[in-house]
Structures are given as C-alpha cells and as structure tokens.
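J.: Please find the sequence and the predicted model below.
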Amino acid sequence: MRLLYLLNVSNASQLAADSGFTFADLLAPALTDAGADVIVASPVAVGDARVAFEPTISPSTKYRARFDPGMDALVALFRERRPEVVVANQVEAAPAIRAALLEAGVDATVVGYCHYLPFSFTDTGVLELDPAMNDRGLGRSVLLAFAAGLAACDRILVHSSTAASWTTAAAARTGVDLGDKLHIVPAPRDVRMVRDPAGITPPEGRAIGLYNHRLYAHYGTARFTQLARRLVAGGAVRLTVMDLFGTRSPERIRLDPSPERHLEELASTDGVTIASDRGDRVRYRNILAGAHFGIAPFRPGCPWSMSVIDCQAMGLPVIAPRTGWFAEHIDDELLFDTDEQAAQIATRLATDPEFYLLHAKRAYASTADLTPAAVAARYLEAIR
C-alpha cells in the first residue's frame, strides 16, 4: 500500500506542542513496519528516514489550512507520487483532495483523519461551535466545510467513541450520510513517555499536580485558573503549569492573545510554578516524572488529548471534569463536577497511598493498547 499522509503542522517552530506532528512521527514508522509504503507531505519531516518526505509550505493561519489547500500543489504531488491512499489530516481539505485526484488522473482512497473537531455537543444534544474556529462568525462555515470533507472521504477515522458520536450527529444535521465509513482508531502513546507504575512512589502528604495543556481561552484556562487557586489553598497540592508555546509570533498573538494573559496570571499565583520543556521531549518526560498527577483541560470539545495520555502512560492519575471524552476515558473516581470535588480528589491522591497507587496502575493500564504497533494495525484495518 502506497500511503500519502498530508500533514498540516500548525506549530513548526514548537513541534513539541503540535500533537498532530507527534502522532504522525509515531504512526508513520509503525505503518512502515507493518508493510506500508508511507510518504509524509509536511513542512517538517518525521524522524524515521524510511518514511519518504515531500516538503510543503505550512499555511500561515488556521483558516488557510481549512479554506486554501493549494490545488495546484496537490495535483502535482498526486501525479508524481501516484498514491493508493491519501490521508487528509485536515478533513476540510478532502473535497479539494478528491478534485485534485480527479484532475491528476489518480484513483486513490481518501481517508479523513479527525485530529480535531470544530464543534462539540452538550449533554442535552445542543451543537456548539468551537470558539477557536469562530472568529468573526466563521464557525458555521468551518462546520459546513468539515461536513463537506466528511462527504468527500471514503474512510473517516476518529479517536474515541465520544468523537464518533459527535461526528455522526454533526454529519446527520448537515445532511451527510456516513454509512459505514466511520472507524474509531485511537492515537498512539509516545514511546518516550512510558513508565512502569511498579516503580512509582506515592506522595507523602503533599502532591505536585501537572497542567500540560495549551493556555488558550477556549481550553477553559480561566476555569482552570480558578481551580488552581482552590487546589493550592488547601496546602496539600502544588501545581506545575507547562508553557508549551514560549515566545509566539506577533501574528499569532494578534489572532489570540489569551495564552500570554493566562500565563501571566498563573505565574503570579502562589503555589504555581511555570515550566518549559524548551521543545525537548527528554526534558518534558522529566517534568512529568517530577509530578504526581495530571489535570485535564476544561475544553468542552475535547475528543482526545495527547497530554492526558502522556500523563497516564507515565503512571500519573489524571483528574478531569465530568464531560465529553474525559467522562468516557478517565476512571470515574477521578472525575469531578465542582472545584470542591476536584480538591477532595487531589487531596486524597496526596494523602492516601493506596488510592494513589491504585489509580497510577489504572492510568498506565488505560494506555496499554496504544502502542504504535497496535494502533498502526487498527489504522490499516480501518482504511483497507
């Protein structure tokens, strides 16, 4: 199978913060091991030299990635590489990919990989547009472009049952029949972020919680900041917050200044330490190893989180709001509805060694089936 993976890298200068690239960097070699001939078309090559590389130009904004896929470049790429399978990392680009294949005279299966959903559903079934994709009212257009992409795909891959439910519901509301195209293929865990919980020592009355998510407003960072103050006030918890972006470009700050604002607020909170891995995965692993538990983001439209999986694969229990994918994936004893409940869970993790070790083992076990080889096998089964 000759598989062409079209990868949009949104943070080429901060690859450690780009989960889409990390996913491809883990998956492409595993697909190669499984016998596929993999080509990654991306602004940045993956780390395995066996994976062929086609350099592309990264879209300058998140909206260009969705509305300006570059038809001329796609046609030329398809004519040169003659793929049998094309994976659209940006689902909204699938109609253009289908049209470019037609123009190039190439017959290939189009696979949409739903790394990101520009919408979510409330517990009562109300569709909500992702505010990150709704600048000046563009959210509805992005949703319709996403639906058009679903219609243009032969196969559609999502990470979780929550993502499958939301994608099916959004497709139905926009008149798209998914038939049997939809498949659940979870993302692989990072092999560098794996630690046997048998060697973990529980905290002794005080625990370090880790928040390793992007600090955008739409990730619910204001809500996390409120929780952070509550957690550190009790004395049993100290927090480490990751600065995943470092110094961003003026263009990105103009589009959304919320990460800088939230970072400044968190840095001024007693009991909160700001940490950076400086783009180094070994340093990142050491930061995780120095924590006792993770905290999930308050992002309603989260169908999956590599940062959560990183923590769990390292044997760190993750506490989370009872919503979306978190309610599907995380142990019920670690889910909360209020800050008070979150504080009670965090305090118990800090002071109850038996409870802590139980959930450290459960966290690790929840990622056992997410090895790159296992995920690659599911991936190939889904797209055949």
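T.: Alright, I've got the coordinates.
J.: Quick check: Val118 vs Thr109, distance?
T.: Actually, residue 118 is Pro rather than Val. Going from Pro118 to Thr109 by C-beta to C-beta, to the nearest Å gives 24 Å. C-beta coordinates here come from the backbone N, C-alpha and C atoms, glycine included.
J.: Chain neighbours aside, what residue packs nearest to the residue lying farthest from the centre of the chain?
T.: Distance from the centre of the chain peaks at Gly105, with 34.0 Å (C-alpha atoms, centre = their mean). Spatial nearest neighbour of Gly105, excluding adjacent residues (C-beta to C-beta, 6 or more residues apart in numbering): Arg79 at 7.5 Å.
J.: got the contact list for the one you found?
T.: Ala104, Gly105, Val106 (C-beta atoms under 8 Å, 6 or more residues apart in numbering).
J.: returning to what we had before: Pro118 and Thr109: which is more packed in?
T.: The residue with more neighbours, out of Pro118 and Thr109, is Pro118; 24 against 17, by other C-beta atoms under 10 Å.
J.: who touches the more buried one in this structure?
T.: With C-beta under 8 Å, 6+ apart, Pro118 has these contacts: Leu129, Asp130, Ala132, Met133, Gly139, Val142, Leu143, Phe146, Gly301.
J.: Would you check how far apart Trp325 and Ala228 are?
T.: From Trp325 to Ala228 the distance is 22 Å (C-beta to C-beta).
J.: wait, I meant Ala360
T.: Distance from Ala360 to Ala228, by C-beta to C-beta: 22 Å.
J.: now do Val91
T.: 34 Å.
J.: Between the two, which is the more surrounded one?
T.: Val91 (28 against 23).
J.: give me phi/psi at that one?
T.: Backbone torsions for Val91, taken as degrees, to the nearest 10, come to phi -60, psi -30.
J.: just to revisit the earlier point, in helices, which of the contacts of Arg79 appear?
T.: Ala104 (DSSP state H).
J.: was I right about Phe23 contacting Asp190?
T.: No - if you go by C-beta atoms under 8 Å, Phe23 and Asp190 don't touch, sitting 9.3 Å apart.
J.: In the protein, what helix or strand scores lowest on average pLDDT?
T.: In the chain, no helix or strand scores lower on mean pLDDT, DSSP states H and E than helix 250-255, which sits at a mean of 79.
J.: Restrict that one to CA atoms and write it as CSV.
T.: The C-alpha coordinates for helix 250-255 follow below in CSV (Å, rounded to 0.1, in the frame of the first residue of the first chain):
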residue,chain,number,x,y,z
PRO,A,250,3.2,38.8,16.8
GLU,A,251,0.8,37.4,14.2
ARG,A,252,-0.4,34.6,16.5
ILE,A,253,-0.7,36.9,19.4
ARG,A,254,-2.9,39.3,17.4
LEU,A,255,-5.2,36.4,16.5
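J.: got the residue ranges for the helices in the stretch 251-384 of the chain?
T.: Taking DSSP state H, counting those that start in this stretch as the test, the helices found in the stretch 251-384 of the chain are 258-267, 281-289, 306-313, 324-329, 339-351, 353-365, 372-383.
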